[in-house]
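Trainee: sequence first, predicted coordinates after that:
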Amino acid sequence: MNKNTLRQLANSLSVVIALTVNILASTLPLNGQNTGEISDRFQVYFVPAGYVFAIWGIIYIGWIAFAIYQFQPAQKDNLRLQNLGYLFALSGLFNAAWLFCWHYNQFGLSVLVMLALLATLIASYLKLEVGHRPVSAAERWCVDLPFSIYLGWITVATVANLSDWLFSISWNGWGLPAQAWAAGMIGVASLLGVLMALTRRDSGYLFVLVWSFAGIGVKQAGFPLVANSAWAACALALGLAIYSIVARRRS
């Protein structure tokens, strides 16, 4: 078995493992707790409405599409996928590990695993040169777009995970109100969106931000500072996504 075949198998196995753990986390559930039930314990403001988490269905489809695409014989010698190496396989293991940390109430450890997952996805994104290298339509749909959406969501999820952990250790926010911190984190996430629009014209990443910010606006409707910040960020991300689409088509 050559190294490319081994990498293809590792990527496919990683998807199977990650999907299995995600399914078991909801159906068993792990440690007798549902993922959403645990999240509801934390009285934080950087959290979207429940329906927003349906994006995981799209992420799962992206995983499967990537696994099938990269496993094709014609893609065995694909230089982009060779350059990616085992990063995708590693991200699947981090995803599964995070669920165990979360369901067994290891919130500090869950932040470390989430940061590792985020770093792996950033490295993958850069290795693939998403937005910087012309690709076929099939490769865009099966490689670039799944990674853009996944990275976008994990960017948001990392901030939410960190917020939950800080709440769990009763951090006082250096005296600043929790709503102000949430508004500030929304602002930071918006700046990342601007960066993605200007450097990558990545509408997939930006539409994830639109979806997430709108969900926060709905969930936090009773808290004007957070809700207004979220809706303003949503409008900005939508404008940047449209700009990215138009700019990419023109180029």
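Mentor: Structure's in. What do you need?

Trainee: when you work out contacts or count neighbours from here on, use the C-alpha atoms and nothing else.
Mentor: OK.

Trainee: and stretch 175-192, how far out from the chain's middle?
Mentor: 19 Å (Cα atoms, centre = their mean, to the nearest Å).

Trainee: per-residue confidence averaged over it?
Mentor: In this model, stretch 175-192 has a mean pLDDT of 95.

Trainee: and for that stretch, what's in contact with it?
Mentor: 44-46, 155-156, 159, 173, 209, 213, 223, 225-226, 229-230, 233, 236-237 (Cα atoms under 8 Å, 6 or more residues apart in numbering).

Trainee: that stretch: which residues count as buried?
Mentor: Neighbour counts over stretch 175-192 (16 or more other Cα atoms under 10 Å) mark 178-179, 181-183, 185-187, 189-190, 192 as buried.

Trainee: any residues touching stretch 71-84, and which ones?
Mentor: With Cα under 8 Å, 6+ apart as the contact definition, stretch 71-84 has outside contacts at 4-5, 8-9, 12, 69-70, 124, 127-128.

Trainee: and the strands in the stretch 1-150 of the chain?
Mentor: Along the stretch 1-150 of the chain, no segments are classed as strands by DSSP state E, counting those that start in this stretch.

Trainee: check the gap between residue 75 and residue 7 for me.
Mentor: 11 Å (Cα to Cα, to the nearest Å).

Trainee: now residue 12, nearest residue through space, not along the chain?
Mentor: residue 67 (5.2 Å; Cα to Cα, 6 or more residues apart in numbering).

Trainee: okay, the one you found and residue 182: tell me how far apart.
Mentor: 36 Å.

Trainee: reformat the contacts of stretch 71-84 as CSV; add pLDDT.
Mentor: Output for the contacts of stretch 71-84, formatted as CSV (pLDDT from 0 to 100):
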residue, pLDDT
4, 90
5, 94
8, 96
9, 97
12, 96
69, 98
70, 97
124, 98
127, 97
128, 97
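
Trainee: out of the residues you listed, which is nearest to residue 93?
Mentor: Nearest to residue 93, judged by Cα to Cα, of those is residue 12 at 11.8 Å.

Trainee: and that closest one, what does it touch?
Mentor: By Cα under 8 Å, 6+ apart, the neighbours of residue 12 are 67-68, 71, 89.

Trainee: next step: the residues you listed restricted to helices.
Mentor: 67-68, 71, 89 (DSSP state H).
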